[in-house]
Each structure stands twice: as structure tokens, then as C-alpha cells.
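Novice: Here is a sequence together with a model predicted from it:
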Amino acid sequence: MELIVAKHAGFCFGVRRIVNILMRFIERKKKVAVYGDLIHNQPYIDELKRQGVKFIYDISDIKKHFSEYIILTQAHGITQAEEDILKSSNVIFINGVCPRVQESEKIAIRCVKQNKDVFIIGDKEHKEVKSILSRLEGRGHVISSSNYLKELRAYNAGCIIFQTTQKTGIYFDILRHFSNFEVYNTICEATQERQEDILKLSKLVNAIVIIGGYTSANTKRLKELSEEKGLYTQHIERVSELDKKFFTFNKVGLHAGASTPESDIKAVIEIFKNKGFNIKELI
Ligand code: SF4
């Protein structure tokens, strides 16, 4: 029996970056607090809280209770209004937004400056989408990734960008159908590499376990892709949720979203090892 571990399982560059920033402050014993969920992995956030890291969810609390703290904002971005409040609150804050999200933001702002509407393919409730939308002076529109062909047909022209964690197939589909739009592939490489791993794994295994936060958009995409390939798939947030059914398969794949800590991946590998599986890494 074999467990094949995806090459790009776990923390992406943007998540590793913000976690390292936080850890450096903690090591230097600085008073640091996080505005929003640092990354989309609840067990990891819970662990940080247990270690004493402060999390703030109501921005008005910053001025009242955290004026002595360095404020670190989450990796998915903050809205323009939130940034304005932080700037006027006289606190030191570090915008932890991932550089890849910032790149999307720059493209979108440039389009608006050129007097073009911007269409963001993504989830209107996701922080990243809200953050970009808030900077587009009313020229941004969110297009749902489940109904993009129909929704985009209501418009004639403009720029199309993608939430960084969208499925790459959507980008190619839009290129095929909408030659009248400027289409920018803002799906991040980390997302693409993780999705390619699922496609490779699907040729080698009968079942895939995916570890990651339930609010993690990129993890949900991995699950969708795996199911589309007809594999028995389980998305777990905590190692204890692992379905025993996996031990009945001969070949199992293991993948993890971009916010999943290595300790969770190692723990699942250990469980499979103890059940007699040989562990291999996806090439
Ligand atoms: S998935 Fe991409 S855009 Fe999102 S945090 Fe990671 S590197 Fe940044």
C-alpha cells in the first residue's frame, strides 16, 4: 500500500512570509496583535491564541485596547476603509497582504485609471476580493466563478482578473469565450502548482485526502478538482477527522492547502505509516 504526498503540499510563499513576520516579532518579545485571521486555518489560529497571540476582529478595538501594539493585518488583504482607519489610529501597522494579491490589486487599479471596468472572478465574500474591490472607485464587479459565462455576457468590455485561488481552467475558458475583454491571469503560481499536483495524483491513486482550513479557498478548489476526477476525496481540517476508509485503498494521495502547517501533514503521514503504507513523494 502506498501514500503519495503532493510535491507542493502546505504553506505557500505568501503564508510562510506572514507567519515568519509574526514569529520574528514574537521571538523579539514585541507586543504584536493580528487584525483578522492571519491565514485560513482555524486549528493553527487556535494554537497561536493558546500561545498568547492576540487577534482583533473589530477594528474599533484597535484604538481602544491595542494602541501599544504593532498591528499585523492578514495575508488576504484589508479594504481601503480599514487601511484608512488604521492609518488614522496612530498605531504601527504592517499590511501583511501577500505580494501576489498586491499584484492583482495593481493591475485592477491601473485598469480603472485607464477608464476601464474591472471584473473579478471570485467569491464576493472573500477578503481578497473585498480588498481589491474597495480600491476600484465603484468600477469593480464581482463575477461568480460558478456562473461566469452568463454573468460576463451582460457586459461588453473591460479588464478581467481572478481571485488568486481560482481554478486555472476558468482562465482558459474565459480566454476562449471573451476576446472583447483584457484578460489577466492573476491566479497565483502556488495555486496552479497545487492544482497540477491533484491532476498528477489523480492518475496514480484511487483516493485523496486533503488537509486544510474549511475557510481556505485554495483548499476547497483542490477538493473540487479531486472530486471532478472521480476520486474518493475527503477534506479534513484536523488530523483526527481522517476517514478510516482510506486504509482500504491500495494507493492514496495526500495533499494540503496553502495554509496548512507542516506538522499536520507529518501527523497524517505518520498515521498512514503506522497502517503499513509506504510513503512516496509525487515527482
Ligand atoms: S495562495 Fe498565492 S496569493 Fe494566496 S497567500 Fe499564497 S502565495 Fe499569496
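Specialist: Arrived safely, thanks for sending. Numbering: from 1, shown residues only.
Novice: What is the burial count for whatever residue of the stretch 1-150 of the chain ends up closest to the ligand?
Specialist: In the stretch 1-150 of the chain, the residue that lies nearest the ligand is residue 14 (2.6 Å; Cβ to the nearest ligand atom). From N, CA and C alone the C-beta is placed, and that goes for glycine too. As a burial measure, residue 14 scores 23 neighbours (other Cβ atoms under 10 Å).
Novice: Residue 86 now?
Specialist: 21.
Novice: these two touch, right, the residue of the stretch 1-150 of the chain closest to the ligand and residue 258?
Specialist: Yes. Counting by Cβ atoms under 8 Å, residue 258 is a contact partner of residue 14 at 7.5 Å.
Novice: any shared contact partners between these two?
Specialist: By Cβ atoms under 8 Å, 6 or more residues apart in numbering, residue 14 and residue 258 have these common neighbours: residue 190.
Novice: so what's the residue of the stretch 1-150 of the chain closest to the ligand up against?
Specialist: Residue 14 neighbours (Cβ under 8 Å, 6+ apart): 75, 98-101, 188, 190, 258.
Novice: With residue 67 instead?
Specialist: Residue 67 neighbours (Cβ under 8 Å, 6+ apart): 89-91.
Novice: any idea which helix or strand comes after the helix or strand bottoming out on mean pLDDT in the chain?
Specialist: The weakest-scoring helix or strand in the chain, judged by mean pLDDT, DSSP states H and E, is helix 60-65 (a mean of 92). Scanning forward in sequence from helix 60-65 by DSSP states H and E, the next helix or strand is strand 70-73.
Novice: Buried residues in the next helix or strand after that following strand, which are they?
Specialist: Using DSSP H and E, the next helix or strand after strand 70-73 towards the C-terminus is helix 80-88. Burial within helix 80-88, assessed by neighbour count using 16 or more other Cβ atoms under 10 Å, is assigned to 82-83, 85-86.
Novice: which pair in these spans the largest distance?
Specialist: 83 and 85 (7.4 Å; Cβ to Cβ).
Novice: Pull the contacting residues for residue 283.
Specialist: Going by Cβ under 8 Å, 6+ apart, residue 283 touches residue 7.
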